[in-house]
Structure formats: C-alpha cells, structure tokens
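Chemist: with the input below, show me the fold.
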Amino acid sequence: MSWLPDPAELNAAAARVLAQADALRETAICIALAGGTTSWQSVAATRFRDRLHETALALRTRAAQLDAAADLIRRHAIQVADGLPPGVRP
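Modeler: Numbers count the residues shown, from 1 in each chain. Purely as a prediction, here's the structure:
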C-alpha cells in the first residue's frame, strides 16, 4: 500500500464534486423558474419571489465553490502524478 494518493482516484473524486455542483446549478434553475412563473401578487408573493431568488443565488455560489474545490483536487492529482518516477504507481 502506497502513502501517495492515486491520481485516478483523485480525478474520480473531482468528477463527483463537479457532479454535485451541476446538481446545485440545476436546482437553482428550477427554483428561479418557479419564482418567475408565480402569478400571485401581494407583499407575501414579492417576499416569496425574493427568497427564491436569494436561494437560487446561494446555490449558484455554492456550485462555484464546489467547482473551485474540484479544480484544486484535479491540480493535486496532476502534482502527485508528476512527482512519481516513471513506471511507479501509487
């Protein structure tokens, strides 16, 4: 057993993180669309649409953070792979 992480496993982890980011973006789109299709008019309706917008924005922000995390994982995988001597596997 090696003490070095397997670059392939790191890349797989990055792909899973990216999939979660994509899921958050899809949810944000659904939430934003729900707010845009609400025809009801009142102070409460305005507040409801504002909360939907805030929630969609927060989800997109979290998705961007997950994208950044996945990028760091991928870069680490490259560093690990580049640091291994030829023919050596973790």
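Chemist: going forward, measure contacts and count neighbours with C-alpha atoms only.
Modeler: OK.
Chemist: any idea how many residues pack against Ala26?
Modeler: Ala isn't right for residue 26; it's Glu. Residues within reach of Glu26, counting by other C-alpha atoms under 10 Å, total 16.
Chemist: list the residues that contact it.
Modeler: Going by C-alpha atoms under 8 Å, 6 or more residues apart in numbering, Glu26 touches no other residue.
Chemist: just the buried positions in the helix or strand hosting it, please.
Modeler: Element membership of Glu26, judged by DSSP states H and E, is helix 7-36. By neighbour count on 16 or more other C-alpha atoms under 10 Å, the buried set for helix 7-36 is 7, 10-12, 14-15, 17-22, 24-29, 31-32, 35.
Chemist: I'd like the mean pLDDT over stretch 43-56, please.
Modeler: Here stretch 43-56 scores 94 as its mean pLDDT.
Chemist: re earlier: what's the helix or strand just after the helix holding Glu26 packed up against?
Modeler: Going down the chain from helix 7-36, the next helix or strand is helix 43-83, by DSSP H and E. With contacts defined as 3 or more C-alpha pairs under 8 Å, 6 or more residues apart in numbering; DSSP states H and E, the packing partners of helix 43-83 are helix 7-36.
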